[in-house]
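Undergrad: Pasting the sequence and the predicted model now:
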Amino acid sequence: MTLKPVPLAPRSPNHCCHGIRSVAHSLLITAVMTVALCSAHVAAQSVVRNVPFSTPNYTYTVQSDIVYGQGEVGGGGSFKALKLDLYLPDIPPPANADNKLPLMVMIHGGGFSGGSKNNGNIRNNAPKYAERGWLVASINYRLIGDNPVPSSRVQAFYDAVGGANAPAQFRAAIASVDDALMAIDFLHARNDIYAPWTTLWGTSAGAITSIITGYCLDDWGITRPPVAMVIDQAGGLFGCNIGNPFDDATGSDPVLMVIHGTNDNTVPFSQATALQNFAITADLPLDFQPVVNGGHVPALGTFTATTGVTLYQRTVDYHYETVFNRLEQGPQAPLPAGCL
């Protein structure tokens, strides 16, 4: 970087060397600021973000039953270990850099009364995302049978639905959001995740959890970690919103993908169209994928998206168009140093 000459300051009769000292002082300040800026620039470049590939490119390793937190159960007073499975792509670490991966948090369905991180649709899809370069986490969360007590983090929302007097399914739904937030915090603390590229991927009850976590908490004054995209498969709002859920004044609402069967007899298709209408009104980026004659939670690898690819491939493509902003696939090369 070339330092521009600093004009001499006017000299007063009693300070013959004032201008020279001003030049030297200005040059010194400029040099110090330049070094500081370059140091920050170089430090920022040491982070190598990995954009997933559109086709399988890696092997992967599974780490099971990792405890990510404790959740209060039994109506209060006792706690349950909350666990997740990690699907880790086997990406060689770059030299002298922090290797950062996008995160996908997969949240299972089951009506808040059943299901687990080992659900079939998760086991079918988690490996595919890991093979492309996502670090995938499939989480368990507290269910109705646990008689969960959500933490103070979500107290305002819990109180709004009736607190301890709310129906069991409502209490479990709030607990699932509490647990999702805990899992995201736990995962974002890892040194191999690029937090701004976090996706919540949910089916049925897990999709409801994803939507509430991604869009509704700000209405209750609850902050959440960064989330870039929500993939909603057969979920909906179910009254979690006050007004338009996509009206976060900070502009941090994630982009949304909605996949919903038109013949869903478990979660009505009207839940999907409500999301679509809210998104259009709020100008939220939305990829709307109605599955004509599809039932509850259409298989991603079986049905075709409006773009002509499978629904699964569309979930990958939509990331490139939005979250990854059409960056080249694979590791992003550090920017030229320029300051040395």
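TA: That came through, no problem.

Undergrad: Distance-wise, check Leu300 relative to Ser116.
TA: 19 Å (C-beta to C-beta, to the nearest Å). Yep, even glycine has a C-beta here, placed from its N, CA and C like the rest.

Undergrad: Which one's more surrounded, the two?
TA: Comparing Leu300 with Ser116 by other C-beta atoms under 10 Å, the one with more neighbours is Leu300, at 22 against 15.

Undergrad: Quick check: phi and psi on that one?
TA: Backbone torsions for Leu300, taken as degrees, to the nearest 10, come to phi -70, psi -30.

Undergrad: Per-residue pLDDT of it, please?
TA: Predicted confidence (pLDDT) for Leu300: 98.

Undergrad: same thing with Val32?
TA: Per-residue confidence (pLDDT) for Val32: 39.

Undergrad: and what of the one 4 residues further on?
TA: Per-residue confidence at Ala36 stands at 41 (pLDDT).

Undergrad: residues making contact with the longest strand anywhere in the chain?
TA: In terms of residue count, the longest strand belonging to the chain (DSSP state E) is strand 60-73. Residues outside strand 60-73 that contact it (C-beta atoms under 8 Å, 6 or more residues apart in numbering): 78-90, 127, 130-131, 139, 141-142, 146-151, 175, 178-179, 182-183, 186-187.

Undergrad: so of these, which ones are in strands?
TA: The strands, defined by DSSP E, take in 78-89, 139 from the contacts of strand 60-73.

Undergrad: out of those residues, who has the most neighbours?
TA: Neighbour max across the ones in strands among the contacts of strand 60-73 (other C-beta under 10 Å) = Ile139, 28 neighbours.

Undergrad: Okay, and the beta partners of that residue?
TA: On the basis of DSSP bridges, Ile139 is bridged to Leu84, Ile107.

Undergrad: so it sits right up against Asn119, yeah?
TA: No - the criterion here is C-beta atoms under 8 Å, and Ile139 misses it with Asn119 at 11.2 Å.

Undergrad: which residues do those two both contact?
TA: Residues touching both Ile139 and Asn119 (C-beta under 8 Å, 6+ apart) are His108.

Undergrad: what are the ranges of the helices in the stretch 1-150 of the chain?
TA: Ranges of helices within the stretch 1-150 of the chain are 18-45, 120-132, based on DSSP state H, counting those that start in this stretch.

Undergrad: just to revisit the earlier point, need the ones in strands among the contacts of strand 60-73 in CSV with distance to Gly109, can you?
TA: Shown next, in CSV, are those (distance: C-beta to C-beta, whole Å):
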residue, distance to Gly109
Ser78, 26
Phe79, 25
Lys80, 20
Ala81, 22
Leu82, 17
Lys83, 18
Leu84, 16
Asp85, 16
Leu86, 20
Tyr87, 19
Leu88, 24
Pro89, 25
Ile139, 13
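
Undergrad: And those, which two are furthest apart?
TA: Using C-beta to C-beta, the ones in strands among the contacts of strand 60-73 span at most 36.9 Å, a distance reached by Ser78 and Pro89.

Undergrad: before we move on, back to that, lowest mean pLDDT across the helices of the stretch 1-150 of the chain, which one is that?
TA: Among those, helix 18-45 scores lowest, at a mean of 39.

Undergrad: how about the ones in strands among the contacts of strand 60-73 in TSV, adding pLDDT and distance to Trp201?
TA: Shown next, in TSV, are the ones in strands among the contacts of strand 60-73 (pLDDT from 0 to 100; distance: C-beta to C-beta, whole Å):
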residue	pLDDT	distance to Trp201
Ser78	98	30
Phe79	98	27
Lys80	98	23
Ala81	98	23
Leu82	98	18
Lys83	98	18
Leu84	98	13
Asp85	98	14
Leu86	98	14
Tyr87	98	12
Leu88	97	17
Pro89	97	16
Ile139	98	11
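
Undergrad: which one of those is nearest Tyr312?
TA: Nearest to Tyr312 among those, with distances taken as C-beta to C-beta, is Tyr87, at 15.1 Å.

Undergrad: if we can go back for a sec, buried sites along the longest strand of the chain?
TA: For strand 60-73, burial by neighbour count (16 or more other C-beta atoms under 10 Å) applies to 60, 68-69, 71-73.
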